[in-house]
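Chemist: Got a sequence here, can you model it:
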Amino acid sequence: VQLVESGGGLVQPGGSLRLSCVASGFTFSDYAMSWVRQAPGKEREFVASINWISSSSYTADSVKGRFTISRDNAKNTVYLQMNSLKPEDTAVYSCAKSRDSTWSLGPRGYDYWGQGTQVTVSS
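Modeler: Just a heads-up that it's a prediction; the model follows:
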């Protein structure tokens, strides 16, 4: 199993980024996926999750209305569209594969994690 994130970078406050996570080594369309982030000195936070057929999703209160998770099962890819970025969004963002088709908010529900991509929001 491989999860490879891309799309991070340096962006000014108020800007946008779209993160991508390309999955391989398993039947992507059978599993829920999540995006998590971790900033230095802070606990890991589940940012957004989506089930196997995109009929159910979760977005953390801290990013609600600004971030949107989506997936393209034909491309084995999950996305995180991030708008109106704030300095407090600065973190390493990683995607994670759920153990089944539905999402959960605890790490025990996930069996594979990507290496992450750095997002820095600063002027």
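Chemist: So Q81 sits against F67, correct?
Modeler: Yes: contact criterion Cβ atoms under 8 Å: Q81 and F67 qualify, at 6.7 Å. (C-beta placed from N, C-alpha, C; glycine too.)
Chemist: What is the burial count for W113?
Modeler: 16 (other Cβ atoms under 10 Å).
Chemist: tell me the contacts of it?
Modeler: L3, V36, S94, C95, A96, K97 (Cβ atoms under 8 Å, 6 or more residues apart in numbering).
Chemist: one step back: in terms of neighbours, single out the busier of Q81 and F67.
Modeler: More crowded of Q81 and F67, by other Cβ under 10 Å: F67, with 21 against 15.
Chemist: Now do that one, the pLDDT please.
Modeler: pLDDT recorded at F67 is 98.
Chemist: Give me the subset of the contacts of W113 lying in helices.
Modeler: Nothing among these maps onto helices, per DSSP state H.
Chemist: Show me just the buried residues among the residues you listed.
Modeler: For the contacts of W113, a neighbour count by 16 or more other Cβ atoms under 10 Å gives the buried set as L3, V36, S94, C95, A96, K97.
Chemist: Can I get those in TSV including pLDDT and distance to T117?
Modeler: As requested, those are exported to TSV (pLDDT from 0 to 100; distance: Cβ to Cβ, whole Å):
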residue	pLDDT	distance to T117
L3	98	11
V36	97	12
S94	98	8
C95	98	9
A96	98	13
K97	97	16
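Chemist: These into TSV, with extra columns for distance to P87?
Modeler: Below are the buried ones among the contacts of W113 laid out as TSV (distance: Cβ to Cβ, whole Å):
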residue	distance to P87
L3	27
V36	19
S94	20
C95	23
A96	24
K97	29
